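**Student:** sequence unknown, structure follows:
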């Protein structure tokens, strides 16, 4: 595996970004946009997936990173659950549900595989400051 130097290079983060954009697009439409509780919760959950991947990557150790990835995976599960609510309340059609659900499921699977990789390839320290502009 090629060394990842920025969280934007992580495939799970890219998928989480797609998921978040999908959630925002869906929650901006029709009656979904007026269910403020569900709308805000599913948005927060999708943003949490992206944010926890990024925050974990920027943490000091792989142990911390894995913990953040676990939280990101849990948030992807929360999005899936909330998509069922949106479907059941007829806020989104079946096709949109399936597309968003598939993104959330893919993201969770990518995160799980990344966790397995990190656990099977431990490193002492993975953060480098090669591009820092400050002096110590």
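**Tutor:** Received it, and whenever you're ready, just let me know what you need. This is a predicted model, so every value here is computed, not measured. Residues are numbered from 1 along each chain as shown.
**Student:** hmm, residue 100 is touching residue 82, no?
**Tutor:** No. Counting by C-beta atoms under 8 Å, residue 100 stays clear of residue 82, with 9.8 Å between them. Using the backbone N, CA and C atoms, a C-beta is placed for each residue, glycine as well.
**Student:** which residues of the protein fall in helices?
**Tutor:** Secondary structure of the chain by DSSP state H: the helices cover 11-27, 36-58, 62-88, 94-120.
**Student:** for residue 92, phi and psi?
**Tutor:** Per-residue torsions, residue 92: phi -130, psi 150 (degrees, to the nearest 10).
**Student:** name the nearest residue to it, sequence neighbours excluded.
**Tutor:** Leaving out its chain neighbours, the residue that sits closest to residue 92 by C-beta to C-beta, 6 or more residues apart in numbering is residue 86, at 4.9 Å.
**Student:** relative to residue 48, how far out is the one you found?
**Tutor:** In this view, residue 86 and residue 48 are 17 Å apart by C-beta to C-beta, to the nearest Å.
**Student:** low-confidence bits of the protein, can you list those?
**Tutor:** Confidence mapping of the chain against pLDDT under 70 gives the ranges 1, 124-136.
**Student:** ok, now with 50
**Tutor:** 134 (pLDDT under 50).
**Student:** got the end-to-end distance for stretch 50-70?
**Tutor:** 12 Å (C-alpha to C-alpha, to the nearest Å).
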